[in-house]
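Colleague: Predicted model follows, preceded by the sequence.
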Amino acid sequence: MTLVDGRSGSGKTTWATALARRSGARLLSLDEVYPGWDGLEAAEAHVIAHVLVPFAEGRHGRYRTWDWARARPGEWRTVDSRLPLVVEGCGALSPASRSLADHGVWIELDDAARRERAVARDGESFAREWERWARQEEWHARLHDPRGCADEIVFGARPPELDSSSSEQR
């Protein structure tokens with residue numbers, strides 16, 4: 001199991017999607033799990049309890065999605081423990097989650113480029129929430145040091161099938 005974390009707009013989803021395709025892994029994006037704009041820590045705890053711990057015990061995991069259109073909990077989804085798994089999103093990497101995974105990756109990109117990418121991707125709805133979400137990312141970073149938990153730091157969010165000159169192994 002690989003955990004891919006980084007600040008919003010850094011390229012986590014692009015990098016993790018390429019890794020999942022290349023390795024035949026299932027991709028679980030925390031964007032499916034965050035219970036609204038204030039849910040970063042809740043999503044992290046939910047995935048640890050319902051997916052990572054069961055996987056570590058050889059059992060299937062499951063997680064509850066968030067219905068963003070209706071602003072309420074969505075359906076439960078099962079994650080087959082027999083398949084490789086990539087978990088990506090802000091909050092994917094912490095000491096607790098890293099202890100249950102095989103590999104942790106931090107995606108690094110400067111703030112201006114990240115904001116430009118995120119707003120271009122998600123539009124004005126995210127632009128209005130940027131500061132709110134950024135405060136949670138900062139809190140998560142202070143509380144859990146996800147960058148320090150990473151086995152690998154990828155600069156510029158280059159997909160893993162590209163050259164490895166943009167990453168640093170620890």
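Modeller: Right, received. Where do you want to start?

Colleague: Do a quick rundown of the helices in the protein.
Modeller: Along the chain, the segments classed as helices by DSSP state H run 12-23, 40-47, 53-56, 95-98, 111-122, 124-144, 146-149.

Colleague: Quick one: these as a markdown table, columns for mean pLDDT too.
Modeller: Formatted as a markdown table, the helices of the chain follow (pLDDT from 0 to 100):
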| stretch | mean pLDDT |
| --- | --- |
| helix 12-23 | 93 |
| helix 40-47 | 96 |
| helix 53-56 | 97 |
| helix 95-98 | 98 |
| helix 111-122 | 72 |
| helix 124-144 | 84 |
| helix 146-149 | 97 |
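
Colleague: For residue 85, find the nearest of those helices.
Modeller: The closest approach between residue 85 and any of these, judged by CB to CB, belongs to helix 53-56 at 6.7 Å. From N, CA and C alone the C-beta is placed, and that goes for glycine too.

Colleague: where does that closest one sit relative to the chain's centre, distance-wise?
Modeller: How far helix 53-56 lies from its chain's middle: 17 Å, per CA atoms, centre = their mean, to the nearest Å.

Colleague: Same check on stretch 59-77?
Modeller: Stretch 59-77 sits 16 Å away from the centroid of its parent chain (CA atoms, centre = their mean).

Colleague: Using CSV, list the CA coordinates for that stretch.
Modeller: The C-alpha coordinates for stretch 59-77 follow below in CSV (Å, rounded to 0.1, in the frame of the first residue of the first chain):
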residue,chain,number,x,y,z
ARG,A,59,-9.2,-8.0,5.9
HIS,A,60,-11.1,-6.0,3.3
GLY,A,61,-11.6,-2.3,4.1
ARG,A,62,-14.6,-0.1,3.5
TYR,A,63,-15.2,3.6,3.6
ARG,A,64,-18.1,6.0,3.5
THR,A,65,-18.2,8.5,0.7
TRP,A,66,-19.3,12.1,1.0
ASP,A,67,-22.0,13.3,-1.3
TRP,A,68,-20.7,16.8,-2.1
ALA,A,69,-23.9,17.8,-4.1
ARG,A,70,-26.2,17.1,-1.2
ALA,A,71,-23.6,17.9,1.6
ARG,A,72,-24.3,14.7,3.4
PRO,A,73,-22.8,11.2,3.9
GLY,A,74,-23.0,9.0,0.8
GLU,A,75,-22.7,5.3,0.2
TRP,A,76,-20.2,2.8,1.8
ARG,A,77,-17.7,1.2,-0.6
